[in-house]
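**Q** the sequence and its predicted three-dimensional model are supplied below.
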Amino acid sequence: MVLWSYRTTPRTSTKETPFSLTYRTEAMLPMEVAVNTLRVANKDEESNAQDLRINLDILQEKCERSGMRQAAYKDATERYYDQRVKEKVFRVGEYVLRKNEASCAQPQGKLGPTWEGPYKVTEANRNGAYVLETMEGRQIPRTWNARNLKKYLF
């Protein structure tokens, strides 16, 4: 029953039910068949067949509309996220900590360290990529994204 309700509930992104996109028609609830509702009582075999043919004719249009709705929904979600995200910017000479999960330098685990460092920022590239060096002056291989860094406060 849970799967049935999931498959017959319209999605926010497409405004269509997964059932209707898969089987090209709206589902009838099992309760409607068991209890003689108006939808079942007024059922006519010939008009039902004609309605199914009409559904097939408009299927391509229905899929295109749901695809456009889904793209618009993704754009709106992206705009919402981009408005709230705070971009981290580090200047050359600042000290940062590096996320242990990204570097895998130390063994991880439930009680393992989350951050390692400090490291000094030696070069700031575009798109939030930074070149780091250790406190002894040895350069760390590859660039590191700002998502994996945080400011180190003495």
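**A** Yep, that arrived.
**Q** for the chain, which segments count as helices?
**A** Taking DSSP state H as the criterion, the chain contains helices spanning 2-7, 18-23, 30-34, 38-41, 45-57, 59-84, 100-103.
**Q** show the end-to-end separation of stretch 137-149, please.
**A** Across stretch 137-149, the terminal residues are separated by 18 Å (C-alpha to C-alpha, to the nearest Å).
**Q** now it: mean pLDDT?
**A** On average, the pLDDT along stretch 137-149 is 90.
**Q** got JSON lines for the helices of the chain, with mean neighbour count and distance to residue 90 too?
**A** C-beta: built from backbone N, CA, C; applies to glycine. Shown next, in JSON lines, are the helices of the chain (neighbours: other C-beta atoms under 10 Å; distance: least, C-beta to C-beta, whole Å):
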{"stretch": "helix 2-7", "mean neighbour count": "10", "distance to residue 90": "45"}
{"stretch": "helix 18-23", "mean neighbour count": "15", "distance to residue 90": "45"}
{"stretch": "helix 30-34", "mean neighbour count": "10", "distance to residue 90": "60"}
{"stretch": "helix 38-41", "mean neighbour count": "10", "distance to residue 90": "63"}
{"stretch": "helix 45-57", "mean neighbour count": "10", "distance to residue 90": "57"}
{"stretch": "helix 59-84", "mean neighbour count": "11", "distance to residue 90": "20"}
{"stretch": "helix 100-103", "mean neighbour count": "14", "distance to residue 90": "15"}
